[in-house]
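In: fold the stuff below for me.
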Amino acid sequence: MSIHSLLILGHNIAKTNWKPISKSAIWAAATLAFFSSARLGEILPNSEKNFDPVCTLLWKYVRFIDNDRILIFVPSTKTSSTKGEILDLFEFIPNLCCPVSALKRHLIESKKRENFSMSDPVFLFESGKGLTTRKFNEVLAYTLADICDPETDFFSCHSFRAAIPSLVANYPDKSAPLGSSWGPWGRASPSAMGCRCCWRVQTPRPS
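Out: So this is what the prediction gives:
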């Protein structure tokens with residue numbers, strides 16, 4: 001997944017006749033996964049109808065700081081199942097694919113849901129069903145069909161995991177278009193160019 005492919009994904013999502021909350025959920029998940037290198041299985045509900053609040057990303061774990069920063073506690077990860085991790089996510093400019101803007105918009109749409117609660121999973125549709133990795137993969141296949149040959153190439157949830165690392169690796173002099181540098185936890189971090197992405201650190205579960 002490249003920044004170009006991400007922008008095409010956003011454009012094609014915008015062209016659909018899906019409900020606003022469906023668009024915002026998918027786009028917020030895509031930008032969050034892209035810029036944080038988070039596993040989508042860590043941030044999406046593992047079931048459409050049932051979820052375990054102990055290991056599911058809930059709105060109460062998302063903290064908006066000022067206008068350009070979000071702290072996200074991921075309660076259960078592959079590498080830190082008991083303590084969880086925090087994503088320290090920053091605004092990306094231009095904000096056509098900014099994860100902070102996308103999550104803000106998704107919160108606005110989510111609050112329109114009947115019986116909305118901050119204890120809800122972040123990525124729910126209007127019906128209350130969860131956006132699972134399976135559904136996300138189906139969306140990718142549909143929205144990116146025009147730039148992908150399904151017989152030789154395809155996009156999936158796993159495509160986002162290495163997006164930033166691959167970009168940075170192609171620019172060893174740190175002149176990557178995103179201005180990202182490689183942080184000590186293996187995630188994109190603030191760079192000297194001033195274009196910020198994300199820190200990811202292990203942390204105790206918040207009370």
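
In: quick check: longest helix in the chain by residues?
Out: Assignment by DSSP state H gives helix 20-36 as the longest helix of the chain.

In: got the buried residues for it?
Out: 21-36 (16 or more other Cβ atoms under 10 Å). For every residue, glycine as well, the C-beta is placed using N, CA and C.

In: with stretch 32-48 instead?
Out: Neighbour counts over stretch 32-48 (16+ other Cβ under 10 Å) mark 32-46, 48 as buried.

In: show me what the helix or strand harbouring Asn137 is packed up against.
Out: Counting by DSSP states H and E, the element that carries Asn137 is helix 133-143. Counting contacts by 3 or more Cβ pairs under 8 Å, 6 or more residues apart in numbering; DSSP states H and E, the secondary-structure elements packed against helix 133-143 are helix 3-15, helix 20-36, helix 40-43.

In: that older thread, looking at the buried residues of stretch 32-48, which is nearest Phe64?
Out: Proximity of the buried residues of stretch 32-48 to Phe64 (Cβ to Cβ) peaks at Leu32, which lies at 13.5 Å.

In: touching, that closest one and Pro99? I think so.
Out: Yes - with contact taken as Cβ atoms under 8 Å, Leu32 and Pro99 are classed as touching, separated by 4.9 Å.

In: now do the shared contacts for these two.
Out: Between them, Leu32 and Pro99 share the neighbouring residues Leu89, with contact defined by Cβ atoms under 8 Å, 6 or more residues apart in numbering.

In: and the angle for the helix holding Asn137 with helix 3-15?
Out: 90 degrees (axes from the mean of the first three to the mean of the last three Cα atoms, to 10 degrees).

In: what average pLDDT does helix 133-143 get?
Out: In this model, helix 133-143 carries a mean pLDDT of 90.

In: buried residues in stretch 70-85, which are they?
Out: By neighbour count, and taking 16+ other Cβ under 10 Å as the criterion, the buried residues in stretch 70-85 are 70-77, 80, 84-85.

In: that should have said stretch 99-106, apologies.
Out: Residues 99-103, 105-106 are the ones in stretch 99-106 that count as buried (16+ other Cβ under 10 Å).

In: tabulate those residues in JSON lines, adding columns for pLDDT and distance to Ser117.
Out: Formatted as JSON lines, those follow (pLDDT from 0 to 100; distance: Cβ to Cβ, whole Å):
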{"residue": "Pro99", "pLDDT": "90", "distance to Ser117": "23"}
{"residue": "Val100", "pLDDT": "92", "distance to Ser117": "22"}
{"residue": "Ser101", "pLDDT": "92", "distance to Ser117": "23"}
{"residue": "Ala102", "pLDDT": "94", "distance to Ser117": "21"}
{"residue": "Leu103", "pLDDT": "95", "distance to Ser117": "17"}
{"residue": "Arg105", "pLDDT": "96", "distance to Ser117": "19"}
{"residue": "His106", "pLDDT": "97", "distance to Ser117": "15"}
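
In: return the member of these nearest to Val62.
Out: Among the buried residues of stretch 99-106, Leu103 lies closest to Val62 (Cβ to Cβ), at 6.9 Å.

In: isn't the closest one right up against Val62?
Out: Yes - the pair Leu103 and Val62 passes the contact test of Cβ under 8 Å, sitting 6.9 Å apart.
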